[in-house]
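Participant: just coords:
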DNA sequence: CCCCTTATACTCAAACTGAGCACAAGAGGC
DNA sequence: GCCTCTTGTGCTCAGTTTGAGTATAAGGGG
């Protein structure tokens, strides 16, 4: 029996997709591989790349095959290939979404099977280097430069994106559509006094895509400079998957203690704050942040002192892993 | 190309699973079909049942096939068969989880393909009856009687489950394991002053399963009475899926305005409260609930009066669907 | 008209939040 | 050794939110 029923109903292929996140030097990073459309659907390929002209290649999320005979669960399948290939121990894995849209894989048009990808977010600690030379840690704001508000409003927003969106709104001839576009822009991009919502990463990306301000991998790009101007494009719908992952993580840290999966065994409170800020792309009030953390009781002082702070030495803390279960309900984000 | 890679790596089948929820007469209901292990994996079957001896049948979640050639997205595939088969318009669909565990489908043992189910929660309004006679609306607390705290603590908990769990804790010979069991029971079942957390539906179910206090479909049940004593069993892992759905919904209503998808076009605030209570399985403080709702601005008075309240007439409200996008961040739950 | 029920307004203390002040304690320059 | 810069840490304070009531309104049924 084939996947998805009788052959006349089409064939299906299952892949496991991973957004592997680490914080390296206060920057949020994702593990990225270079891939061609061909290697992307070849489920038995490793992450290793082939030599190919640069134009045909795209930055992609790593993926692995799902072998029902080898893998007891989807998650264990994911864990096994990620750990094997990246040399990182995965502290935390969360299923993100299953993507099965038509047209995800350009090879479908040529009669290829439908690609269904079960995607995961994995959090790893900033430790060993990756085993694969072709896999690189990239700052995730490389793909979404407008999402990083840690140093004030992103310049690109003010100078380019907002004006372009306003023009897109005005471009519409139908007043109802204009109204609709305006409202959605307000909500997602915080226009005209609406506050910026850090979780709407996917919604913002999709609005930009609709307004033709960012390119997807499939799009024909005549001007190669434009590829990177409003963030780097990715293979297939991987940029969308990444946007989903960032939005989800930003939401999750507010009510579950998942940040600690990204932390070294001991850390100072400022280090913890920097990690939260890296993920959420915003600045937090230091005193209130420590008040929050201490109140939740997720953390305990080791008694040691960290003196490489550039100022007064800070006490070291450790995550109280014992409370992981107990504190299902406790996050780490003010606001 | 077959699903999941080369044949020696096993075959895979994709199904779409739906937890279809409606509130009928203040009770949370799920749409349930009767199915045998055979019909469960026959992806091209409709919901319609076959005549079979009662013992071989189990209550199951409805599912539908995914046809890559017909369905542009997984969600549209789901929508199309649900709407066609249930006669209900679906207001809201959310992807829940993709299950691909080994042993989900007993036919695997006989060399059958691995069953991967993409499951969804769908919310429908309490309107037209279902098109299928074999599909029934069942109270979801039928499967999880310990989850309904609307009338005080569930009797079953005090009289049966908690004592049985305490015994299970003591049964362990290893003190570390005993400690672990005790802590997990505290957290999930709110033992010894730990507060009850309404979202831990799946965690509670899995603890009970581990403690051998509930049966799964595959289990051999010698005493048929026990099937229903601690909640009715379901086919395959459907009870687990349902638990996931309930937990997810209980979480979601707290920060997204999804309840309104279950409401009729106009309603009183008490009706709205009853629906929230039905989902969360707990009682809310009436005055504070209305304060919350009014503050959020999700709702507006129609100006009309509902006088069938059994007391003073209440004003009718309508959901302000305009703010659906805007209020991404607003839920409806105190606490 | 009394009583039961539900609706709705309003109060009040406790807890939480956002913002900021003030001081502590190291490093480096002079 | 002292000044200054930097980061850590304790504490205040007003504004808001929350949980838990009290009080009153307004229908229906006997």
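Facilitator: Received it, and whenever you're ready, just let me know what you need. What you see is a predicted model; the values in this text were computed from it and never measured.

Participant: and the stretch 151-300 of chain A, which of its residues are near DNA strand C?
Facilitator: Selection of the stretch 151-300 of chain A residues close to DNA strand C by Cβ under 7 Å from any atom of the strand yields A:285, A:287-288, A:291-292. To be clear about C-beta, it is placed using only N, CA and C from the backbone, and glycine gets the same treatment.

Participant: Identify, from the residues you listed, the entry nearest to residue A:73.
Facilitator: Nearest to residue A:73 among those: residue A:292, at 35.1 Å, using Cβ to Cβ.

Participant: What helix or strand is that closest one located in?
Facilitator: For residue A:292, the element it lies in under DSSP states H and E is helix A:286-296.

Participant: Remind me what the helix or strand following that helix packs against, helices and strands.
Facilitator: Next in sequence after helix A:286-296, counting helices and strands by DSSP H and E, comes strand A:299-306. Applying 3 or more Cβ pairs under 8 Å, 6 or more residues apart in numbering or on different chains; DSSP states H and E, one finds that strand A:299-306 contacts strand A:314-319.

Participant: Just give me the neighbour total for the closest residue to residue A:109 other than its chain neighbours.
Facilitator: Computed as Cβ to Cβ, 6 or more residues apart in numbering or on different chains, the closest residue to residue A:109 that is not its neighbour in sequence is residue A:103, at 7.9 Å. Look at residue A:103: counted by other Cβ atoms under 10 Å in any protein chain shown, it has 14 neighbours.

Participant: how near is residue A:103 to residue A:119?
Facilitator: Separation of residue A:103 from residue A:119 (Cβ to Cβ, to the nearest Å) stands at 17 Å.

Participant: what's the burial count for the residue lying closest to residue A:81 once chain neighbours are set aside?
Facilitator: Distances taken as Cβ to Cβ, 6+ apart put residue A:64 closest to residue A:81, at 3.5 Å, once the chain neighbours are dropped. Neighbourhood size, residue A:64 [other Cβ under 10 Å]: 23.

Participant: Let's verify residue A:64: helix, strand, or coil?
Facilitator: strand (DSSP: H, G, I helix; E, B strand; the rest coil).

Participant: isn't it right up against residue A:16?
Facilitator: Yes - using Cβ atoms under 8 Å, residue A:64 makes contact with residue A:16 at a distance of 5.0 Å.

Participant: Identify the contacts common to these two.
Facilitator: Residues touching both residue A:64 and residue A:16 (Cβ atoms under 8 Å, 6 or more residues apart in numbering or on different chains) are A:77-78, A:81.

Participant: among those residues, which one has the lowest pLDDT?
Facilitator: Of all those, residue A:81 carries the smallest pLDDT score, 82.

Participant: what's near enough to touch that residue?
Facilitator: Counted by Cβ under 8 Å, 6+ apart, residue A:81 has contacts A:16, A:64-65.

Participant: what about it, distance to residue A:122?
Facilitator: Distance, residue A:81 to residue A:122, using Cβ to Cβ: 11 Å.

Participant: can you check residue A:156 too?
Facilitator: Counting by Cβ to Cβ, the gap from residue A:156 to residue A:122 is 29 Å.

Participant: that older thread, nearest to chain B among the contacts of residue A:81?
Facilitator: When the contacts of residue A:81 are compared for distance to chain B (Cβ to the nearest Cβ), residue A:65 comes out closest, at 5.4 Å.

Participant: Just the buried residues of whatever helix or strand residue A:85 lives in, please?
Facilitator: In this assignment (DSSP H and E), residue A:85 forms part of helix A:74-86. Neighbour counts using 16 or more other Cβ atoms under 10 Å in any protein chain shown place A:74-75, A:77-79, A:81-82, A:85-86 of helix A:74-86 among the buried residues.

Participant: Using a markdown table, lay out the residues you listed together with distance to DNA strand C.
Facilitator: Shown next, in a markdown table, are these (distance: Cβ to the nearest atom of the strand, whole Å):
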| residue | distance to DNA strand C |
| --- | --- |
| A:74 | 36 |
| A:75 | 32 |
| A:77 | 39 |
| A:78 | 34 |
| A:79 | 34 |
| A:81 | 40 |
| A:82 | 35 |
| A:85 | 40 |
| A:86 | 36 |
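
Participant: So which of the residues you listed is the closest to residue B:148?
Facilitator: For these, the nearest to residue B:148 is residue A:75 (30.9 Å; Cβ to Cβ).

Participant: Mind listing the residues bridging to the nearest residue to that closest one once chain neighbours are set aside?
Facilitator: For residue A:75, ignoring the flanking residues on the chain, the nearest one in space by Cβ to Cβ, 6+ apart is residue A:93 at 5.9 Å. Assessed by DSSP bridges, residue A:93 has beta-bridge partners residue A:122.

Participant: if I pick residue A:93, what's in contact with it?
Facilitator: Residue A:93 neighbours (Cβ under 8 Å, 6+ apart): A:75, A:78-79, A:120-123.

Participant: now residue A:19
Facilitator: A:30, A:61, A:96, A:119-122, A:241-242, A:245.

Participant: Just those: which are in helices?
Facilitator: A:241-242, A:245 (DSSP state H).

Participant: Looking at those, which one is closest to DNA strand C?
Facilitator: Using Cβ to the nearest atom of the strand, residue A:245 is the member of the ones in helices among the contacts of residue A:19 that lies nearest DNA strand C, at 25.0 Å.

Participant: Around the residue in the stretch 151-300 of chain A that DNA strand C sits nearest to, how many other residues sit close by?
Facilitator: Taking Cβ to the nearest atom of the strand as the measure, the stretch 151-300 of chain A has residue A:287 as its residue closest to DNA strand C, at 3.3 Å. As a burial measure, residue A:287 scores 8 neighbours (other Cβ under 10 Å).

Participant: Tell me where the stretch 1-150 of chain A has strands.
Facilitator: A:12-24, A:27-35, A:58-60, A:63-65, A:90-99, A:114-124, A:135-139 (DSSP state E, counting those that start in this stretch).

Participant: Mind pulling the model confidence for the residue in chain A that DNA strand D sits nearest to?
Facilitator: Nearest to DNA strand D, among the residues of chain A, is residue A:311, at 2.0 Å (Cβ to the nearest atom of the strand). Looking at residue A:311, its pLDDT is 85.

Participant: SS state for it?
Facilitator: Of the three states, residue A:311 takes coil under three-state DSSP.

Participant: Would you check how far apart it and residue A:276 are?
Facilitator: According to Cβ to Cβ, residue A:311 and residue A:276 sit 20 Å apart.

Participant: Who has more neighbours out of the two?
Facilitator: Between residue A:311 and residue A:276, counted using other Cβ under 10 Å, residue A:276 has the larger neighbour count: 22 against 7.

Participant: Can you name every helix or strand that the helix or strand where residue A:276 lies contacts?
Facilitator: Assessed by DSSP H and E, residue A:276 sits inside helix A:269-280. Contacts defined by 3+ Cβ pairs under 8 Å, 6+ apart place helix A:269-280 against strand A:12-24, strand A:27-35, helix A:238-252, helix A:286-296, strand A:314-319.
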